[in-house]
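Student: Structure of the sequence below:
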Amino acid sequence: MKRLAIDVRPGEYAVVRLPSDAPVPAGLLEPGPFLASVTRTPAELSIVCHAGAAPEGAEIERGWRLLSVRGPIKFTLTGVISALSAELAAAGVALFSLSTHDTAHVLVPAADLDRAVRVFRGSGHEVGLPA
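Tutor: Got it, this is the predicted structure:
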């Protein structure tokens, strides 16, 4: 696997579940400094967002930190999430992953952030910390 440049993003994130027919919370997708991802399936409306933007009344899993691969990543590059997840799994670090057009993101429990950074650096990846 190609060695990657990974940035730890500031702030705490949440993974949110709402009923499948719920509206997307107002303002969630407005431009700003934090990642927000919304996925609707027949069974749920799933949201990844900065913890401060998590909507009231939802099922919320707080305490995640976001690490983003510096992109853009070419669509022909294979195994990015596989490599990152294998490295974290070997160290016993849980993850929640998502991808965008340009790159890949992994969220790890905040309590495991330092371990995740050590794992990625130990695997030869460059890891940048927030200022």
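Student: pLDDT at the nearest residue to T41 once chain neighbours are set aside, what is it?
Tutor: Residue nearest to T41 in three dimensions, not counting chain neighbours: S20, with 6.6 Å by C-beta to C-beta, 6 or more residues apart in numbering. Quick note: C-beta positions are derived from backbone N, CA and C, even for glycine. Looking at S20, its pLDDT stands at 97.
Student: S20 and L88: what is the separation?
Tutor: Distance of S20 to L88, computed by C-beta to C-beta, to the nearest Å: 30 Å.
Student: Same drill for those two, tell me which one is more crowded.
Tutor: L88 (22 against 12; other C-beta atoms under 10 Å).
Student: ok, for the more buried one, nearest residue in space, not its chain neighbours?
Tutor: L95 is the one closest to L88 (C-beta to C-beta, 6+ apart), at 5.2 Å.
Student: show me the contacts for that neighbour.
Tutor: By C-beta atoms under 8 Å, 6 or more residues apart in numbering, the residues touching L95 are 84-85, 88, 106-108.
Student: Mind listing the strands the lengthiest strand in the chain pairs with, and their directions?
Tutor: Longest strand in the chain, counting residues (DSSP state E): strand 59-69. Here strand 59-69 is paired, per DSSP bridges, with strand 5-8 (antiparallel), strand 13-18 (antiparallel), strand 104-109 (antiparallel).
Student: TSV for those, including distance to E44?
Tutor: Compiled in TSV, the strands paired with strand 59-69 are given as follows (distance: least, C-beta to C-beta, whole Å):
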stretch	distance to E44
strand 5-8	28
strand 13-18	5
strand 104-109	17
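Student: Which one, of those strands, ends up nearest to V48?
Tutor: Ranking these by proximity to V48 (C-beta to C-beta) places strand 13-18 first, at 5.6 Å.
Student: buried sites along the helix or strand that comes right after the closest one?
Tutor: Sequence order places strand 37-40 as the next helix or strand after strand 13-18, per DSSP states H and E. For strand 37-40, a neighbour-count test (16 or more other C-beta atoms under 10 Å) marks S37 as buried.
Student: can you check stretch 103-122 too?
Tutor: 103-109, 112-113, 116-117, 119-120.
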